[in-house]
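S.K.: Task: produce atomic coordinates for the following.
(4 chains)
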There are 2 protein chains.
Amino acid sequence: MPRASATADVFNALAEGPRRAILDSLIAGEKAVGTIVDDLALSQPQVSKHLRVLSEVGLVTSRADGRRRLYRLEPARLRPMHDWVSKYEQAWNERMDRVDGYLKELQRQGEAE
Amino acid sequence: MPRASATADVFNALAEGPRRAILDSLIAGEKAVGTIVDDLALSQPQVSKHLRVLSEVGLVTSRADGRRRLYRLEPARLRPMHDWVSKYEQAWNERMDRVDGYLKELQRQGEAE
DNA sequence: TTGACATATTCCCATATAGGCATATATTGA
DNA sequence: TCAATATATGCCTATATGGGAATATGTCAA
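M.R.: Have a look, this model is predicted:
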């Protein structure tokens, strides 16, 4: 079996860097395809294709505006990824605490000398 | 060009669900390969292969323990993903606020009648 | 040394890509 | 109607993939 489809879920859709860049570019607000093309220096067909993938997983929505098409971020769709990765926040804080404790220990020893 | 390699970065490595499941299983602490196999009901070769990918991007490290090999989570490697997705937290909260404001508006109207 | 156990690697294959290019499909204004 | 603009789609190809099965490698215990 090949890899899961890019449109399978948010994690697969966002594996590709250009698609994350497109989302980043949409944080500022609704944008036309051409604006994204200019901002990111990607080819127009590539941007359209990436937008299609992002739209299929619900990360963006679009509306017509004359001959342009405006895309908007749907940030709520990022919650599953945020929730998943946030579970590990505690884990790396614990580790940081241990490092922190170790540094403090070194410091105490230094002061003792 | 094909898709970026699974070992290209953390986002690509974690696009695949089984690999996220393996990380989840390692939150509890260091585990042998066989334990993960039992926990997740995956084939042993698949688990070894997934662990290889996770190890290549630094998400896990391993040490020998007799004839077993214990894998440990390296949570710090998840920070880039956490940081990236956290940028959007504000965006969906704003949207929630708007919905919240709308609901409150409806409520005010209801009370006025 | 031998056999049992634990893990890693190799071989195989169908398949979904990303990107480039060319072209189709709106939509507008004159 | 026609030309210009904006976006989407179709075609093409090299390539990395995940999973299954078999097997290699490594390590212990007796």
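
S.K.: Tell me how far residue A:64 lies from DNA strand D.
M.R.: Residue A:64 sits 9 Å away from DNA strand D when distances are taken as Cβ to the nearest atom of the strand, to the nearest Å. Every residue, glycine included, has its C-beta placed from N, CA and C.

S.K.: That residue: neighbour count?
M.R.: For residue A:64, the tally of surrounding residues (other Cβ atoms under 10 Å in any protein chain shown) stands at 8.

S.K.: Grab the nearest non-local neighbour of it.
M.R.: With sequence-adjacent residues excluded and distances taken as Cβ to Cβ, 6 or more residues apart in numbering or on different chains, residue A:64 is closest to residue A:70, at 7.8 Å.

S.K.: Give me the neighbour count for that neighbour.
M.R.: Residue A:70 has 16 neighbouring residues, counting by other Cβ under 10 Å.

S.K.: after the stretch of helix or strand it belongs to comes which helix or strand?
M.R.: Per DSSP states H and E, residue A:70 falls inside strand A:68-73. Beyond strand A:68-73 on the C-terminal side, the first helix or strand identified by DSSP H and E is helix A:79-86.

S.K.: helices and strands around that following helix, which ones?
M.R.: helix A:10-13, helix B:79-86 (3 or more Cβ pairs under 8 Å, 6 or more residues apart in numbering or on different chains; DSSP states H and E).

S.K.: what would those look like in a markdown table with mean pLDDT?
M.R.: A markdown table is the format used below for those (pLDDT from 0 to 100):
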| stretch | mean pLDDT |
| --- | --- |
| helix A:10-13 | 97 |
| helix B:79-86 | 96 |
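
S.K.: Go through these and name the closest to DNA strand D.
M.R.: In this view, the helices and strands packed on helix A:79-86 are compared for proximity to DNA strand D by Cβ to the nearest atom of the strand, and helix A:10-13 is the closest at 10.1 Å.

S.K.: that's a strand at residue A:29, yeah?
M.R.: No. Residue A:29 is assigned coil when assessed by DSSP: H, G, I helix; E, B strand; the rest coil, not a strand.

S.K.: and the nearest residue to it once chain neighbours are set aside, what does it touch?
M.R.: Take residue A:29 and drop its neighbours on the chain: the residue closest to it by Cβ to Cβ, 6+ apart is residue A:72, 7.7 Å away. With contact taken as Cβ atoms under 8 Å, 6 or more residues apart in numbering or on different chains, residue A:72 is in contact with A:26, A:29-30, A:60-63.
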